[in-house]
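> Everything below, folded, please.
(2 chains)
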2 protein chains.
Amino acid sequence: MSDEETRLGELRERIDTIDDELLRLISERAECARTVAEVKQQANPDEAVAFYRPEREARVLRRIKERNPGPLADEEMARLFREVMSACLALEKPMTIAFLGPEGTFTQAAALKHFGHSVLSTPLAAIDDVFREVASGNAEYGVVPVENSTEGMINHTLDMFMSSPLKICGEVQLRIHHHLLVSPEADAASITRVYSHQQSFAQCRKWLDSHWPMLERITVSSNAEAARLASLEEGAAAIAGDMAASLYGLEIRHANIEDRPDNTTRFLIVGTEEVPVSGEDKTSILVSMRNNPGALYGLLEPFQRHGIDLTRIETRPSPNETWAYVFYIDFRGHRDEQAIQAVLGEVEAQCVEMKHLGSYPMGVL
Amino acid sequence: MSDEETRLGELRERIDTIDDELLRLISERAECARTVAEVKQQANPDEAVAFYRPEREARVLRRIKERNPGPLADEEMARLFREVMSACLALEKPMTIAFLGPEGTFTQAAALKHFGHSVLSTPLAAIDDVFREVASGNAEYGVVPVENSTEGMINHTLDMFMSSPLKICGEVQLRIHHHLLVSPEADAASITRVYSHQQSFAQCRKWLDSHWPMLERITVSSNAEAARLASLEEGAAAIAGDMAASLYGLEIRHANIEDRPDNTTRFLIVGTEEVPVSGEDKTSILVSMRNNPGALYGLLEPFQRHGIDLTRIETRPSPNETWAYVFYIDFRGHRDEQAIQAVLGEVEAQCVEMKHLGSYPMGVL
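Residues are numbered from 1 along each chain as shown, chains lettered A, B, ... in the order given. Next up, the predicted model:
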């Protein structure tokens, strides 16, 4: 045997030993998960016990990422653990997850990133349908986009919360990469224009300015449309993601051209139950105000005073007369924490109505 | 603290300890995989070394399934290991896998089942495109259906091998489940007819005979079409799979109604290199014969005499004059094994031409 073969033989033996250990440990973990379910069910024999605990999963994943020694990236390691947890959980009963379809969208990717592959995932045609499917109990959780940087369709999800009894149970951040796509036959010198959604142009402006400043930039309604045009027209390129490249058979000429490497899209997990404290949480509320001068400032002052980190505010027109304005406010912290309770009390005293949409673990990237 | 809480606390501590061990072992496994790659590259400094070894992966998965103590099902455990291997392999360079698209098809499911999720998968519109993408080196491997029990489109894949230089590097079996699907509003008593593809009817005949003997059975071109009709027409049901149910918003009234619980579809992995012996292999050959009486019998006789298990024979018309008939033959064993070499020698002596399509690990279900 050559040196190489001896070395490889040793390494493979070591891998086999590791695999035996992994097998033993994953099996023991599955037994533990099963016992957890039994203990819960015995303590509450007449109830439908929720075996999936979002706050517990978030804690496990955070821990993994903190302790990950490499060489696998944190994200990859978290993915493997998500799958292990997903498999353990499915021992009881696979969960049904409704998401904004069709298959192959970023929302499906977010659902699988969050819940792993041992779930039944149901694509639905509209955000309303996802809410309805969860509210009716046909699905345990739903996944909807809320800040989609490329398609911009967030308002409908926000508006759903005005009337829906559902709670936000989690968030998922998905890294979105943009590529410069061209037809496989295209010759670089012949490219004269590039199609994309305006948001994507904004996200890749610096790269375009420095690498392809002469390209004419043509804004279209979506990145998928941009890719479609680039696949049909000579001399055209598109800025879009992997999925659009695949769908229209385009080649990735330059990958990951977004100016900010942390370009992400945010999705919400909606469910019927509130989630306990995980330690790193966000809270979302809906506040309706009359249109008085200084109203918004007055609303935000308590957050400032209590040192609470506001992460996002959106203003929407009220759907009925009594609600002149509706503000969606996201901030760090959990409703069960004292400081948050104090702030919520003050906010409630000032507004026409306040609705708590949920306190939930911050997305583990 | 209640008894329940104490118990759960203990179990969660145990799970955390297990997770730390898993983290350590998966990281060590990744380091080993990286060292394997380095050793290979050092021994062959001027070559593009193939880090992915189908025969080695097949051996690892078989071992896992043999030793799996439960409670996780073998298939689920194999899936987790597939993902771990996929992540380790992607440390070098993520592989590109071309498959017969679009996204969301069984072929994509087969590709991800075989290669895990740490690969770039590219959906292509036609089987020819998949072969071309692999032959040109744009993708390392391709995945194409070869025995699709519901759609019946196998011939095109077989015909590709007549002209393609690609080798078969593996096979994937996917369990296919059929369901009785109805519109969510439908009332069981109002269902008078059921749509499906003829193959699916054949696969669910006994179940239909015993459970819904009075339903009129209407054959359509595909299960997706059946689901579409059932979603539009009152009083109609469909027999189709999960994906069709999701696409057309139908409800699964009865799940897994196929008569044989082992109903599977088979896919081939095609690549540019031959795969060494894994220990449980299949070989596929293409044999052209003139139309002489007893020719086929003469061809098969050596297999019988050497005790070699034929798993499949297909006859196809020859694409050119000199090939009167072309037989596709699958059998157990690897070309590097002595008995197989003996048989292949005898077969070759009798036929106009013989083409070895590949020896590859049997699919690990």
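
> For the helix or strand that A:Ile97 is a member of, the averaged confidence score.
Counting by DSSP states H and E, the element that carries A:Ile97 is strand A:96-100. The average pLDDT for strand A:96-100 rounds to 89.

> Tell me where the stretch 151-300 of chain A has strands.
Under the criterion DSSP state E, counting those that start in this stretch, the stretch 151-300 of chain A contains strands at A:167-175, A:179-182, A:193-196, A:216-219, A:236-240, A:251-254, A:264-271, A:281-289.

> how distant is the strand holding A:Ile97 from the center of its chain?
Relative to the chain's own centre, strand A:96-100 is displaced by 13 Å; criterion: Cα atoms, centre = their mean, to the nearest Å.

> right, is that strand up against chain B?
No. Applying Cβ under 8 Å from any Cβ of the partner chain, one finds strand A:96-100 out of contact with chain B, separated by at least 9.8 Å. No exception for glycine: its C-beta is placed from N, CA and C like everyone else's.

> Ranking the strands of the stretch 151-300 of chain A by mean neighbour count, which comes first?
A comparison of the strands of the stretch 151-300 of chain A by mean neighbour count, using mean count of other Cβ atoms under 10 Å in any protein chain shown, puts strand A:236-240 on top with a mean of 28.

> export that one as PDB, just CAs?
Output in PDB follows, covering the C-alpha atoms of strand A:236-240 (Å, rounded to 0.1, in the frame of the first residue of the first chain):
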ATOM      1  CA  ALA A 236     -29.200  41.600 -21.900                       C
ATOM      2  CA  ALA A 237     -28.100  40.500 -18.400                       C
ATOM      3  CA  ALA A 238     -30.100  40.300 -15.200                       C
ATOM      4  CA  ILE A 239     -29.500  40.700 -11.600                       C
ATOM      5  CA  ALA A 240     -31.300  38.000  -9.700                       C
END
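
> what does that strand contact?
When contacts are defined by Cβ atoms under 8 Å, 6 or more residues apart in numbering or on different chains, strand A:236-240 is touched by residues A:178-182, A:186, A:191-196, A:200-201, A:204, A:215, A:223-224, A:226-227, A:229-230, A:244, A:250, A:253, A:257.

> how far out from the middle of the chain is it?
Its chain's C-alpha centre lies 25 Å from the corresponding centre of strand A:236-240 when counted by Cα atoms, centre = their mean.

> Could you report the neighbour count for whatever residue of the stretch 151-300 of chain A ends up closest to chain B?
For the stretch 151-300 of chain A, the residue positioned closest to chain B under Cβ to the nearest Cβ is A:Ser246, at a distance of 5.0 Å. Each residue near A:Ser246 was counted by other Cβ atoms under 10 Å in any protein chain shown, and the total is 21.

> Need the single longest helix in chain A, by residues.
Scanning chain A for the helix with the most residues, using DSSP state H, yields helix A:3-43.

> For the following helix or strand past that one, name the packing helices and strands.
The element immediately downstream of helix A:3-43 (helix or strand, assigned by DSSP H and E) is helix A:54-67. Counting by 3 or more Cβ pairs under 8 Å, 6 or more residues apart in numbering or on different chains; DSSP states H and E, the packing neighbours recorded for helix A:54-67 are helix A:74-90, strand A:167-175, strand A:353-361, helix B:3-43.

> For B:Val172, which of the ones you listed is the nearest?
If you check each of the helices and strands packed on helix A:54-67 against B:Val172 by Cβ to Cβ, helix A:74-90 wins as the nearest, at 18.6 Å.

> I'd say A:Gly363 and A:Val172 touch.
Yes. With contact defined as Cβ atoms under 8 Å, A:Gly363 and A:Val172 form a contacting pair (5.4 Å).

> For those two, list the residues in contact with both.
Common contacts of A:Gly363 and A:Val172 (Cβ under 8 Å, 6+ apart): A:Arg266.

> Kindly provide the distance from A:Gln42 to B:Gln198.
A:Gln42 sits at a distance of 50 Å from B:Gln198 (criterion: Cβ to Cβ, to the nearest Å).

> Low-confidence bits of the stretch 201-350 of chain A, can you list those?
Counting by pLDDT under 70, the ranges of the stretch 201-350 of chain A that qualify are A:261-263, A:291-293, A:319-324.

> Quick one: name the residues of it near chain B.
So far as Cβ under 8 Å from any Cβ goes, the stretch 201-350 of chain A lies against chain B at A:Asp242, A:Met243, A:Ser246, A:Leu247, A:Gly249.

> Reformat the helices and strands packed on helix A:54-67 as TSV; add mean pLDDT and distance to A:Arg335.
Below are the helices and strands packed on helix A:54-67 laid out as TSV (pLDDT from 0 to 100; distance: least, Cβ to Cβ, whole Å):
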stretch	mean pLDDT	distance to A:Arg335
helix A:74-90	92	25
strand A:167-175	91	11
strand A:353-361	94	4
helix B:3-43	92	22
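
> if I look at A:Tyr306, how far off is A:Tyr195?
Heads up, residue A:306 is His, not Tyr. Using Cβ to Cβ, we find A:His306 at a distance of 47 Å from A:Tyr195.

> brain fart, A:Ser318
Applying Cβ to Cβ, the value for A:Ser318 to A:Tyr195 is 37 Å.

> What of A:Ala189?
The gap separating A:Ala189 from A:Tyr195 is 19 Å, by Cβ to Cβ.

> Same question for A:Ala342.
A:Ala342 sits 51 Å away from A:Tyr195, going by Cβ to Cβ.

> Same check on A:Ala139?
A:Ala139 sits at a distance of 36 Å from A:Tyr195 (criterion: Cβ to Cβ).

> for the residue most central in space within chain A, which residues make a bridge with it?
When Cα atoms, centre = their mean is applied to chain A, the residue found nearest the centroid is A:Val172 (2.2 Å). According to DSSP bridges, the partner residues bridging A:Val172 are A:Phe267.

> which residue ranges form the helices in the stretch 251-365 of chain A?
Read by DSSP state H, counting those that start in this stretch, the stretch 251-365 of chain A holds these helices, from start to end of the chain: A:295-305, A:338-350.

> And the last one, what does it pack against?
With contacts taken as 3+ Cβ pairs under 8 Å, 6+ apart, helix A:338-350 sits against strand A:281-289, helix A:295-305, strand A:353-361.

> Can you pull out the residues in contact with that helix?
Under the criterion Cβ under 8 Å, 6+ apart, residues A:283, A:285, A:287, A:289, A:295, A:298-299, A:302-303, A:306-308, A:331, A:333-335, A:354, A:356, A:359 lie in contact with helix A:338-350.

> if we go to 6 Å?
Outside of helix A:338-350, the residues within contact range by Cβ atoms under 6 Å, 6 or more residues apart in numbering or on different chains are A:Gly298, A:Pro302, A:Phe303, A:His306, A:Ile308, A:Gly333, A:Met354.

> With stretch A:83-95 instead?
Contacts of stretch A:83-95 from elsewhere in the structure, counted by Cβ under 6 Å, 6+ apart, are A:30, A:33-34, A:37, A:51-52, A:116, A:118-120, A:140, B:71-72, B:76, B:80, B:83.

> Can you give me the buried ones in that stretch?
A:Glu83, A:Val84, A:Met85, A:Ser86, A:Ala87, A:Cys88, A:Leu89, A:Ala90, A:Leu91, A:Glu92, A:Pro94, A:Met95 (16 or more other Cβ atoms under 10 Å in any protein chain shown).

> Now the last one: phi and psi?
When you say that, I think you mean A:Met95. Its backbone dihedrals place A:Met95 at phi -80, psi 150, with angles given as degrees, to the nearest 10.
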